[in-house]
Structure formats: structure tokens, C-alpha cells
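Colleague: quick one: sequence plus predicted model below, questions after.
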Amino acid sequence: MPTVCPNMPTPASIPSPWRLAAFWLGIQAVWGALLGISLQARVLELGGADAVVRYGVLAAAGALTAALVQLGIGPWSDARIRQGGRRVVWYASGSLLAAVGLVAFYGAADWPTLFGAFMVVEIGMNVAIAPYQAIVPESFPPDRVGVASSWMAALQSAGNALGAVIASIAPGASATAAALSALLLGSCAVTSAHAATLPPVPVRPHERLRVGRGFVDLFASRALLYLGFYTLLGYLLFYVSGTLALARAQSVTGILVLIFTLAGVAGAGLAARPSDRADKRLVATIGGGLVALALALLLLTHTIWDTTAASALAGAGWGAFLVADWAIACRMLPAAALATGMAVWNVAVIGPQIAAPALMTVVLQRAGWTAPASAAHAALAFALGETLLGIAWLWRLSRCSVGE
């Protein structure tokens, strides 16, 4: 009979990266469908002549709601952990609320209903997201954070792709809502069931989140890169319909988002081991540089083939950036306040969701560029500048601060 060391983890208690990351697949499928295609399409359907402006208002309001929810739920979740609780209760309750919101969103017949339903989706999703993002640093040792982060990044891209496919090919709004809700709840069940088999998170004394220069630089560089990302994502449909002047713009946009996200899976896989072994800032820079190159290609050429190539290039770069981004944050955030730290860190994602459409709405209105083609060109130019600035800002982080 084999000897078992008292401190040796049993197979059931060893964390599985893909099972713990499974919930991220469902979460990102919802965002891939909504932010990539459905939000713009539904606003074009119900927003009337001011659809472009109304899109900016709705996207900004949703992102502001997300930020407030995460900043409230994150500290509450950390407090429960310090009392010996688990975070899975937030996963389930948030997913159920979001599923209700999805049904209402896709069934909305007027603008006020659409607006309210989207707010419900944002609340439910972010009730789950705030505590869930602590799962990698709480479950894995520092030398496995890069590999674990690559699963999160890969399933983020795969989820975005799956969501875009569902939004593009599902036979009707009710089918889209049902598919997304089932995927969200099913992936939540996979992650929650596995998390329940793991030892409880060690109870640590309360630790405040220290907002020093390193955290500020991490936040700023991430925010700038996400500002470019959401500017690109938010105006891609307008680029396809206005600049490329293609029929069935929604379907073409869905295919481009699919290419982007599938390439992101490949980029995340390639960046996994370098993020554990090499300078994480370099990995993030290479990824961001590929995104910037793709944006320049979109600005200079206007054919579907060039657009397809740019989508693949941007996706691969974005996948690599996500892995390094996660790995850096897992190294820098305090172990006793992970959900709080992740919630604040995630404002660097939510803030750009507000700022990207809000900034572009002001610029487009003042410049009179409200036609889809001119709006898309201006948005891509802003996205390129934001991406380049984010890459440069990343190098304000010291080598020591990112765990090298």
C-alpha cells in the first residue's frame, strides 16, 4: 500500500486549470455575442436615426454599472473568504440573474426595455465576475500562474468566438438567448463543482489594497490597451457596413470576430510558457505590437481580404497580451484581498468600456462624422494611438514589480 504524505494533495484536490477556467468560457461567450454583434445590431434595430449615438450611451451606462457592481461585490467576497466561506455562491447567483437579463434583452421590442434588460445583464454578470477573477492566484502557485492564465486567456478568446457564432447563426432572438444562457449556466456548474472539491482558501488577516506607483502603472497601461480594444470592437460593424460596404454586414462582422478570437486562442497558447519564464512585459509588448500593426493595416487598406488578415493578426496579439496581463496581475495583487484587487484592476477593463464609446461619441458629434464610414475611420485611428500609448506605458513597470 503506497505511503501518503499528510500534506500531499489528493487527485481530487489538485486544481485543474481548464475546469477552473471553464466559467470564463461562458462569461466571454455572452460578452462576445453582446459587445461584438448583438448590442450594435439591436441598437440599429431599435435606436432609430440616432442609433450610433444611442449605442454610445447604452455601452457607457452598462460599463459604469459593471464597475459599481464589481467594486461593491469584490470586498464583500473577500470578507466572506476571511470568515471561511467560498466564492461559488456569487458565481451561481450572478449567472442566474444574467440569464434572465439575456432573455429580456433579446426579446425587447422597444428602446427602454432594451436599455433596462442590458443593465440587468451587466449587474448579473459582474456579480459573478468580481469574485471569480480571484480564482487563478488563489488556486495556483506562482510558478504555474502563467500556464493557468493561458487557459483563462484561451477560453476568453474561445468564448468570444463562440458567442459571435451564436449571435450570427442562431435562428432567431429566443434561440440566441437560450444558447447563451445555457452556456453561461453550464460553464458555471463545471467550475463550481470542481472548486467545491478543492481545499478552502487559507484564511489570511485583512490586508488593504495598496495603490502605489506599480499598481497605477499596471492599471494605466491595461486601461489604454483595453481602450483601443473596445474602440475597435465597438465600431467594427460600422467599419464593415460603411467602409467595406458589404452586404450582410452583421454576418461578415461575426466572421471577423470569430477569426479574431480563434487567433487569440493560438496567441494565448504560444504565450503560456514565455509568461512563466521570460519577462512578462516583453510578452505583453509583442502582443500589443501585433494589435497595433493590425489597426494600421485596417486604416491603410479597405478590402475584405486585408481586413480578414488584420483580424487574425490582432487576435493573435491580443491573446498573447491577455496571458501576460493576467500573469502580471496575479503576481502584484495582495493575496488577502484578491477579489478587491481584481475588482479595482478590472476597472481598467470596465472604464474603457465607458470611455471608448463616450469619447468617440463626443468626437464624432463635434466633427460631424456620424456616417458609419467616417465614424469607423476615426475610431480606428484613436484605437491605434491608444494601443501604442498603452504599450509604452507598460515599461514604466519595474522588472522586480512583475516578479522577474
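Modeller: Happy to help now that I have it.
Colleague: quick one: stretch 316-328 to chain centroid distance?
Modeller: Relative to its chain's centre, stretch 316-328 lies at 11 Å (Cα atoms, centre = their mean, to the nearest Å).
Colleague: may I have that stretch as CSV, with CA atoms only?
Modeller: Extracted as CSV, the C-alpha positions of stretch 316-328 are listed here (Å, rounded to 0.1, in the frame of the first residue of the first chain):
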residue,chain,number,x,y,z
ALA,A,316,-3.1,36.5,-32.0
GLY,A,317,-1.5,39.6,-30.5
TRP,A,318,-4.5,40.1,-28.1
GLY,A,319,-4.3,36.5,-26.9
ALA,A,320,-0.6,36.9,-26.1
PHE,A,321,-1.2,40.2,-24.3
LEU,A,322,-4.1,38.7,-22.2
VAL,A,323,-1.8,35.9,-20.8
ALA,A,324,0.9,38.3,-19.8
ASP,A,325,-1.6,40.7,-18.4
TRP,A,326,-3.2,38.1,-16.1
ALA,A,327,0.2,36.8,-15.0
ILE,A,328,1.4,40.2,-14.0
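Colleague: tell me how many other residues crowd I123.
Modeller: Neighbour count of I123, defined by other Cβ atoms under 10 Å: 19. Quick note: C-beta positions are derived from backbone N, CA and C, even for glycine.
Colleague: hey, where'd the helices end up in the stretch 51-200 of the chain?
Modeller: Applying DSSP state H, counting those that start in this stretch to the stretch 51-200 of the chain gives helices spanning 51-82, 88-107, 111-132, 135-139, 145-169, 173-195.
Colleague: average pLDDT for the shortest one?
Modeller: Put plainly, it is helix 135-139. For helix 135-139, the mean pLDDT works out to 72.
Colleague: what mean pLDDT does stretch 240-259 get?
Modeller: 80.
Colleague: buried ones in that stretch, by neighbour count?
Modeller: For stretch 240-259, burial by neighbour count (16 or more other Cβ atoms under 10 Å) applies to 240-244, 249-250, 252-259.
Colleague: before we move on, what about stretch 62-76?
Modeller: For stretch 62-76, by 16+ other Cβ under 10 Å, it's G62, A63, L64, T65, A66, A67, V69, Q70, L71, I73, G74, P75.
Colleague: ok, the last one to I354 distance?
Modeller: Noted for P75: a distance of 21 Å to I354, by Cβ to Cβ, to the nearest Å.
Colleague: rewinding a little: could you work out the most separated pair of the buried residues of stretch 240-259?
Modeller: Largest separation among the buried residues of stretch 240-259 by Cβ to Cβ: G242 and L258, giving 20.7 Å.
Colleague: low-confidence ranges, this protein, go.
Modeller: When residues are selected by pLDDT under 70, those of the chain lie in 1-13, 82-85, 141-146, 200-212, 334-339, 400-404.
Colleague: and for F105, the neighbour number?
Modeller: 26.
Colleague: was I right to think it contacts R42?
Modeller: Yes: counting by Cβ atoms under 8 Å, R42 is a contact partner of F105 at 7.3 Å.
Colleague: mutual contacts of the two, please.
Modeller: Listed contacts common to F105 and R42 are L114; contacts here mean Cβ atoms under 8 Å, 6 or more residues apart in numbering.
Colleague: from the buried residues of stretch 62-76, which is closest to L295?
Modeller: Using Cβ to Cβ, A63 comes nearest to L295 of the buried residues of stretch 62-76, at 21.4 Å.
Colleague: which residues touch the closest one?
Modeller: E122, I350, G351, P352, Q353, I354.
Colleague: show me these that map onto strands.
Modeller: Counting by DSSP state E, no part of these is found in strands.
Colleague: quick check on those: which are buried?
Modeller: Of the contacts of A63, these count as buried by 16+ other Cβ under 10 Å: E122, I350, G351, P352, Q353, I354.
Colleague: and the residue nearest to the last one when sequence neighbours are not counted, how far is that from G341?
Modeller: Closest residue to I354 in three dimensions, ignoring its sequence neighbours and counting by Cβ to Cβ, 6 or more residues apart in numbering: A63, at 4.0 Å. Between A63 and G341 the distance is 20 Å, computed by Cβ to Cβ.
Colleague: picking that back up, let me have the buried residues of stretch 62-76 in TSV, extended by distance to R277.
Modeller: Shown next, in TSV, are the buried residues of stretch 62-76 (distance: Cβ to Cβ, whole Å):
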residue	distance to R277
G62	38
A63	35
L64	39
T65	39
A66	34
A67	34
V69	36
Q70	32
L71	34
I73	34
G74	31
P75	34
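Colleague: tell me the two of these that are most distant?
Modeller: Longest distance between any two of the buried residues of stretch 62-76 is 22.0 Å, between G62 and P75; criterion Cβ to Cβ.
Colleague: I figured H302 was touching T243, is that so?
Modeller: Yes: H302 lies in contact with T243 (Cβ under 8 Å); the separation is 5.6 Å.
Colleague: residues contacting Y239?
Modeller: L298, T307, P372, A373, A376, H377, A379, L380.
Colleague: again, only this time at 7 Å
Modeller: Listed by Cβ atoms under 7 Å, 6 or more residues apart in numbering, the contact set of Y239 reads A376, L380.
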